[in-house]
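Asks: model the structure of this input:
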Amino acid sequence: MSERIPAFTKALLTLSLFFACATLGAGLALFIGWPVAILSGMVGFISLQQVLAGFARRRDKRAIAREMAHLRKGHMDFESALSDTHMRLDELGGLIEQRASSQERKIVAELKVLETLMRDFAGKISRSAAAVPREGAARSQRGPAGAYLHTLSDTASPRGELLETIRASLEQNRVDLYLQPIVSLPQRKLRYYEALSRLRDSEGQIIMPDQYMQVAGRAGLMSVVDNLLLFRCVQIVRRLTQKNRDIGIFCNISGETLADKEFFPQFLEYMRVNRDLAGQIIFEFSQQAVRDAGIEGEKNLAALATIGVALSMDHVESLAIDFLRLKAIGFRYLKVRSDTLMRGMNGAGAAIAAEDFKKLLTRHGLNLIAEHVEDEKTVVQLLDYAVDYAQGYLFGEPRAVREDSLKPVSALEAAPVIPFKRAG
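Replies: Residues are numbered from 1 along each chain as shown. As a prediction, the model looks like this:
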């Protein structure tokens, strides 16, 4: 409405002027004649139009001036708000950088402590072993592929050549991390990785766990192996959670480490402080390790569970298991070989058929993982048993993690596993 009023007023004034000029022209015509009257009226009308146009231009200039002033004020307000935003962003960036720098320095320092103490720990064992006479040291042979072949008497000797190789591999950090995928069924979606450790000798030959675990265990070195594996698992988890928090890592812990009175209490304390890792790392123990754990070992397992860490049992030879006790300790996963599920339930002492095994585990809060799945025919049968997850060469073989992928982009992506206290 306000925009139409000036136009209406202008039209009314124009019409009034026209009638006024016409009246004036008619009056003049009586005295000076029509031609002169008409010419005078036209001149007067044009002059009045010029006057009105001048008023309109001045009014438009004032309106434009007001709009420009309004725009200048809005621009100044915007610049002020933008400057304030930049200032707040700078303050926030400085605060984040300050906190990150402080945290980074702390982690770097802890990593150095861990590295030093681990070297001291391995060196202490190495020195104690060197003090023992080497008579009857075991000898090892290499097959065509370079794999280590050891007799029972060789591995029974804790001072053999294999032990020397294990110690050297640990001291020189020749411990590699391998990851094997675990998928959900039937989607075959990647859900977990199992972390596996491999040692390398000075010539780069791989020493498999079934070759070094017994010797390392007798020499008290499995805590060192497990600690290095845990350290690498933590590094991998830190990286994975940046992309997908739904993927977890199964990390194997030996029975020797579970019973280690020096290692395990510190391990528990570390997990209490770093509860954010509980949802991504599943600690895995063999059935034999759980059997041999005893009262103290079971307390250690239950203490892990109270922190929120899920436990898994693998190397299952017997299915005559007290599932209620297993659940009470804190186990949430059970790994069973696929051929056991398909053909060996009776031989494994199961009190139930494979078709009903999954339901039994579900009632006790356990997830079933079928191991050693090698072909599609096996998958079809596992689906009939409603198996939750599967692992095997069909879905991916263990692959070495590149060393550069374990090196954090910044120290914020790393965390030490156990800051061992110095003995004495």
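
Asks: what about stretch 274-282, average pLDDT?
Replies: Here stretch 274-282 scores 85 as its mean pLDDT.

Asks: got the buried residues for that stretch?
Replies: By neighbour count with 16 or more other Cβ atoms under 10 Å, stretch 274-282 contains the buried residues 277-278, 280-282. Every C-beta, even on glycine, is put in place using the N, C-alpha and C of the backbone.

Asks: got it, and stretch 295-306?
Replies: For stretch 295-306, by 16+ other Cβ under 10 Å, it's 297-298, 300-301, 303-305.

Asks: closest to residue 222 out of those?
Replies: Ranked by distance to residue 222 (Cβ to Cβ), the buried residues of stretch 295-306 are led by residue 297 at 14.2 Å.

Asks: the buried residues of stretch 295-306 in strands, which ones?
Replies: Among the buried residues of stretch 295-306, DSSP state E puts none in strands.

Asks: about what we covered before: redo the buried residues of stretch 274-282 as a markdown table? Include secondary structure and distance to residue 368.
Replies: Formatted as a markdown table, the buried residues of stretch 274-282 follow (DSSP: H, G, I helix; E, B strand; the rest coil; distance: Cβ to Cβ, whole Å):
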| residue | secondary structure | distance to residue 368 |
| --- | --- | --- |
| 277 | helix | 24 |
| 278 | coil | 22 |
| 280 | coil | 21 |
| 281 | strand | 20 |
| 282 | strand | 14 |
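
Asks: tell me which two of these sit farthest apart.
Replies: Farthest pair in these, by Cβ to Cβ: 277 and 282, 10.6 Å.

Asks: circling back to that earlier point, now, among the buried residues of stretch 274-282, which is nearest to residue 372?
Replies: For the buried residues of stretch 274-282, the nearest to residue 372 is residue 282 (18.7 Å; Cβ to Cβ).

Asks: how about the contacts made by the closest one?
Replies: Going by Cβ atoms under 8 Å, 6 or more residues apart in numbering, residue 282 touches 192, 248-251, 309-312, 332-333.

Asks: try 10 Å
Replies: Residues near residue 282 by Cβ atoms under 10 Å, 6 or more residues apart in numbering: 182, 192, 194-195, 233, 248-251, 309-312, 331-333.

Asks: beta partners for it?
Replies: Beta-bridge pairing for residue 282 (DSSP bridges): residue 250, residue 310.

Asks: how much space is there between it and residue 225?
Replies: Distance, residue 282 to residue 225, using Cβ to Cβ, to the nearest Å: 18 Å.

Asks: residue ranges of the strands in the stretch 101-250 of the chain, please?
Replies: Counting by DSSP state E, counting those that start in this stretch, the stretch 101-250 of the chain has strands at residues 141-142, 148-149, 175-184, 190-200, 206-207, 248-252.

Asks: can you list the residues that contact the next helix or strand after the last one?
Replies: Just to be clear, that refers to strand 248-252. Sequence order places helix 255-258 as the next helix or strand after strand 248-252, per DSSP states H and E. Residues from elsewhere that reach helix 255-258 (Cβ under 10 Å, 6+ apart): 213, 216-227, 229-230, 263-264, 267, 283, 285-286, 288-294, 296-298, 300-301, 304.

Asks: I'd assumed residue 351 was in a helix, is it?
Replies: No - counting by DSSP: H, G, I helix; E, B strand; the rest coil, residue 351 falls outside a helix, being coil.

Asks: quick one: contacts for it?
Replies: 319-321, 345, 357, 360.

Asks: quick one: mean pLDDT for the one helix or strand residue 95 maps to?
Replies: According to DSSP H and E, residue 95 maps onto helix 34-130. Computed over helix 34-130, the mean pLDDT rounds to 65.

Asks: out of the contacts of residue 282, who's the most crowded?
Replies: Highest neighbour count within the contacts of residue 282: residue 182, with 27 neighbours (other Cβ atoms under 10 Å).

Asks: just give the nearest non-adjacent residue to that one, would you?
Replies: residue 192 (4.0 Å; Cβ to Cβ, 6 or more residues apart in numbering).
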